[in-house]
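Undergrad: Predicted model, plus sequence, below.
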Amino acid sequence: MMAATVDGQDRVLATAQQIVKSLNINTKATEDMIMILSSFDNRLSNITDLMDGGEDFDHRFETAEKVILRRDSGGLGENSSRNSSPWEESSTDASEYLEAVDTIIKLTEELNIKSDCDNEIMDRAENALQLAMLKLEDEFLHILIRNTVPLDVDRLYGSIRKGSLSFTANEIEIEDDFDSYREDDDDDDNEGSGYHHERGPSFGGDVFVDLVQSDAINELKAVADRMIRSGYEKECCQAYCNVRRDVLDECLSILGVEKLSIEEVQRIEWKILDEKMKKWIQAVKIVVKILLFGEKLLCEQIFSESELIKEISFVETTKGCVMQLLNFGEAVVIGQRSSEKLFRILDMYDVVADVLPDLEALFTDESGELVCNEVKAVLSGLGEAAIGTFVEFENAVKGENSRALQGGEIHPLTRYVMNYIKLLVDYSDSLNTLLPHSQDYDLKSKELDDVDSGDTLSPISCRLLSLITSLEANLEEKSRLYDDNALRYIFLMNNILYIVQKVKDSELRNLLGDRWIRKHSGQIRQWHTSYLRSAWGKALLCLKDEGFGGGSSSASKLLLKERFKNFNACFEEIYRIQALWRVPDDQLREELRISISEKVLPAYRAFVGSMLDPITCNLCHHGMIYLMVSLLYVMLDF
């Protein structure tokens, strides 16, 4: 393509020369034509040089040749230090050298047009031009290296807003699918220790960095223009790409992105891999939104004379950096799936989806399109990996078969799953895009009736509803393992209340609606009633007035004594058992205390008042006080 361009320029000059020659008999017409031609293309301003005699040609050539040969004998080539001046002595010398190069280029073009040019002169001109291009290539490298601006990581990180989303999980191992559980006696709402997931950082505004000192760009452009015009565009492009590729490699290293094979990535343990994934997410944003845009602008400034070289230089400089990032993404895609990876994979998916339009705007030619196709393939793979991991998590929740805890408290599975789901809501946009392409939803009409607008639920709402339903079914199965029905109801109240509170206090409320909350709150009240009946029914039977004939017969006294004895035995048994039970929620614990008091104490008081004479009743007064204090003591241990 470059050769075709030069041929075209030669034909233009040759045609212009013939026009001038044909007008040579009329000086005024000749001058007017030269002025007209020059206004169209400044290259035609030297047409008269072709018409002049050889003396001026020889003088201009020899002067330019001397400058180039003088520099070659000990000038620019000796500037091997990166910190040395790109030109040997001063800007005047640089200007003189560039003018000499311009002269040689023009004379070479003229000689190529002339049909009767001296071969010796042609050889000397081409030799001088070749020496000049070697010198300019060397200077191009020195200017580019010496004026490269190091990556200011502190400034870049300072421009990033870090928003942290976290939840506390439990760390006891339950099968292999929930190895991030944690046994924690404190309420996880206290946000103490636990598993934390930090979303990928986002930029707090537009950030621009200088990749090369701005003063050097004009110098680089001046050299590049002459090398391109002389047909040395390949050498110029290669020199540029070699330097800038190394700079981008160094930038990736500074950002914490290592060159790792897929096999090496897959062997990394999760905690270390998680850190690398976070750095990768951050690096993708910085590389695409700052470095690649900077590289694109730099290529446009330096290689503005050639659209082709501008595009080739950008693609060849940056595609290695992009491919290194994509290789890590591909390794994550085909890696082993586990529930704790889901959020980081979604972070990676989000950042690639975010920068894809930028990459498509940057890589516009055919070779750049190949890069964009690779990016799209990794994006698709990350989406599939995310949904595959999500499905495995759903299956793990359904199949998790650990036992319920001894005191009926909130199960680690409940804490883990609900906090997991709360984080998933933050990725609703991405999951709504991905989920319609995954497996069909398995929701019954009854479940959809429990939520507002069940027939128009978004994909993520359907899946989260299904996931919570699976969790509830799992908890129901666990509750049946309790021998004591009262403890079973305590377990169900604790766990379902925890689920309801997580829904009420998060964006899940907007997804599932108030109807779902009301339905589950009603279920908790039913279990509350069932608990009272199951836990205190036997004790209350001892306070029934059935079987008494009235009066103060010895038989009645014996029966009364037996009733009190049985009640005390029941109460002590209840105290012994329920002192080990736990109700973590303050409001539920207080409601249970009140309902127990309202159910037991009036029955006790009525029994004593109706069956005993005033003297005996007074004697039992201390027993009633003992009962009240004991009840509070028992319930405070929840």
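TA: That came in fine, so what should we check first?
Undergrad: Packing partners of the helix or strand containing residue 343?
TA: Assigned by DSSP states H and E, residue 343 falls within helix 342-362. Using 3 or more CB pairs under 8 Å, 6 or more residues apart in numbering; DSSP states H and E as the contact test, the elements touching helix 342-362 are helix 270-286, helix 293-302, helix 307-333, helix 366-399, helix 428-434. The way it works is simple: take the backbone N, C-alpha and C, and place the C-beta from them, glycine included.
Undergrad: what residues does that helix touch?
TA: The contact list for helix 342-362 (CB atoms under 8 Å, 6 or more residues apart in numbering) reads 197, 199-200, 274, 277-278, 280-281, 284-285, 288-289, 292-293, 296, 314, 318, 322, 329, 332, 368, 371-372, 375-376, 378-379, 382-383, 385-386, 389-390, 393, 423-424, 427, 430-431, 434.
Undergrad: Would you mind putting the CA coordinates of it into CSV?
TA: Provided in CSV are the C-alpha atoms of helix 342-362 (Å, rounded to 0.1, in the frame of the first residue of the first chain):
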residue,chain,number,x,y,z
LEU,A,342,-19.7,-16.3,42.1
PHE,A,343,-19.5,-12.7,43.1
ARG,A,344,-16.0,-12.2,41.9
ILE,A,345,-16.9,-13.8,38.6
LEU,A,346,-19.9,-11.5,38.3
ASP,A,347,-17.5,-8.5,39.1
MET,A,348,-15.3,-9.7,36.2
TYR,A,349,-18.3,-10.1,33.9
ASP,A,350,-19.5,-6.6,34.8
VAL,A,351,-16.2,-4.9,34.2
VAL,A,352,-15.7,-6.7,30.8
ALA,A,353,-19.3,-5.7,29.8
ASP,A,354,-18.6,-2.2,30.9
VAL,A,355,-15.4,-1.8,28.8
LEU,A,356,-16.5,-3.7,25.7
PRO,A,357,-18.0,-0.6,24.0
ASP,A,358,-14.8,1.3,24.7
LEU,A,359,-12.7,-1.5,23.2
GLU,A,360,-15.0,-1.5,20.1
ALA,A,361,-14.5,2.2,19.7
LEU,A,362,-10.7,1.8,20.1
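Undergrad: what angle do it and helix 270-286 make?
TA: 20 degrees (axes from the mean of the first three to the mean of the last three CA atoms, to 10 degrees).
Undergrad: Measure how helix 342-362 sits relative to helix 366-399, angle-wise.
TA: Using the same axes, to 10 degrees: helix 342-362 against helix 366-399 is 160 degrees.
Undergrad: mean confidence for helix 342-362?
TA: Mean per-residue pLDDT for helix 342-362: 95.
Undergrad: buried ones in it?
TA: 342-353, 355-356, 359, 362 (16 or more other CB atoms under 10 Å).
Undergrad: Tabulate the helices and strands packed on helix 342-362 in JSON lines, adding columns for mean neighbour count.
TA: Converted to JSON lines, those look like this (neighbours: other CB atoms under 10 Å):
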{"stretch": "helix 270-286", "mean neighbour count": "18"}
{"stretch": "helix 293-302", "mean neighbour count": "19"}
{"stretch": "helix 307-333", "mean neighbour count": "20"}
{"stretch": "helix 366-399", "mean neighbour count": "18"}
{"stretch": "helix 428-434", "mean neighbour count": "18"}
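Undergrad: Compare these and give me the one nearest residue 471.
TA: Closest to residue 471 of the helices and strands packed on helix 342-362 is helix 366-399 (CB to CB; 5.7 Å).
Undergrad: Quick check: what element follows the closest one along the chain?
TA: Counting by DSSP H and E, what follows helix 366-399 is helix 412-425.
Undergrad: helices or strands next to that following helix in the packing?
TA: Secondary elements touching helix 412-425 (3+ CB pairs under 8 Å, 6+ apart): helix 366-399, helix 459-479, helix 485-504, helix 508-512.
Undergrad: Can you give me the buried ones in it?
TA: Neighbour-count burial for helix 412-425 [16+ other CB under 10 Å]: 412-425.
Undergrad: With just CA atoms, put it into CSV.
TA: Only the C-alpha atoms of helix 412-425 are listed here, as CSV (Å, rounded to 0.1, in the frame of the first residue of the first chain):
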residue,chain,number,x,y,z
PRO,A,412,-25.5,-21.4,59.6
LEU,A,413,-27.0,-22.4,56.3
THR,A,414,-29.7,-19.8,56.8
ARG,A,415,-27.3,-17.1,57.6
TYR,A,416,-25.0,-18.0,54.7
VAL,A,417,-27.7,-18.3,52.1
MET,A,418,-29.6,-15.1,53.0
ASN,A,419,-26.5,-13.0,53.1
TYR,A,420,-25.5,-14.6,49.8
ILE,A,421,-28.8,-13.7,48.3
LYS,A,422,-28.6,-10.1,49.6
LEU,A,423,-25.4,-9.7,47.7
LEU,A,424,-26.9,-11.3,44.6
VAL,A,425,-29.5,-8.5,44.4
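Undergrad: Could you check the angle that helix makes with helix 366-399?
TA: Using the same axes, to 10 degrees: helix 412-425 against helix 366-399 is 150 degrees.
Undergrad: what about helix 412-425, average pLDDT?
TA: 94.
Undergrad: Look at residue 537 and say how many residues are nearby.
TA: 12 (other CB atoms under 10 Å).
Undergrad: check contacts around it.
TA: Residue 537 touches nothing, counting by CB under 8 Å, 6+ apart.
Undergrad: Where does pLDDT dip in the stretch 301-450 of the chain?
TA: Counting by pLDDT under 70, the ranges of the stretch 301-450 of the chain that qualify are 437-450.
Undergrad: one more time with 50
TA: 437-439 (pLDDT under 50).
Undergrad: and what of the stretch 101-250 of the chain?
TA: For the stretch 101-250 of the chain, the stretches with pLDDT under 50 are 161-177, 179-187, 189-195, 200-205.
Undergrad: Please enumerate the strands of it.
TA: 160-161, 165-166, 196-197, 202-203 (DSSP state E, counting those that start in this stretch).
Undergrad: returning to what we had before: so which of the helices and strands packed on helix 342-362 comes closest to residue 146?
TA: Comparing the helices and strands packed on helix 342-362 by CB to CB, helix 293-302 comes nearest, at 15.0 Å.
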